[in-house]
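**Student:** Provided below are the primary sequence and the corresponding predicted coordinates.
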Amino acid sequence: MNAGSSGKGQHFAAKYSDMAFIHLDPTDLEKSKAHIESYRRMAREEYGREIQVWCNAHVTQRDTQKEAEDYVKWFAGEKGDDAALDNMLRIQ
């Protein structure tokens, strides 16, 4: 497994790893699909390998959909650290 985000890390993962993690752009799913396909194509064409491409996901689970949505509103909206979130998104 490899979590390479740089070009060098992606080549390492394509050559040596069974799976690689990427960051998706939630605002542009077509761009994300193209990124995944290019990663797989690189592994196949340059290294003769098939790799899995994974991303992380955040799940909020409660007994009902409404309870989950209310909880997200509470922890992200009322208790969220907007400055930290902006900084994390800028870095990624």
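**Tutor:** Received the coordinates, thanks. Numbers count the residues shown, from 1 in each chain.
**Student:** neighbours of Q10, just the number please.
**Tutor:** 21 (other Cβ atoms under 10 Å). All C-beta atoms are positioned from the backbone trio N, CA, C, and that covers glycine.
**Student:** Kindly list the longest helix within the protein.
**Tutor:** Criterion DSSP state H: the longest helix present in the chain is helix 29-47.
**Student:** What is that one packed up against?
**Tutor:** Using 3 or more Cβ pairs under 8 Å, 6 or more residues apart in numbering; DSSP states H and E, the elements in contact with helix 29-47 are helix 7-16, strand 19-22, strand 52-55.
**Student:** Mean neighbour count, those: which tops it?
**Tutor:** The highest mean neighbour count among these, using mean count of other Cβ atoms under 10 Å, belongs to strand 19-22: a mean of 18.
**Student:** which one of the helices and strands packed on helix 29-47 lies closest to D70?
**Tutor:** For D70, the closest of those is strand 52-55, at 26.1 Å, according to Cβ to Cβ.
**Student:** what's in contact with the closest one?
**Tutor:** Strand 52-55 is contacted from outside by D18, M19, A20, F21, I22, H23, L24, I36, Y39, R40, using Cβ atoms under 8 Å, 6 or more residues apart in numbering.
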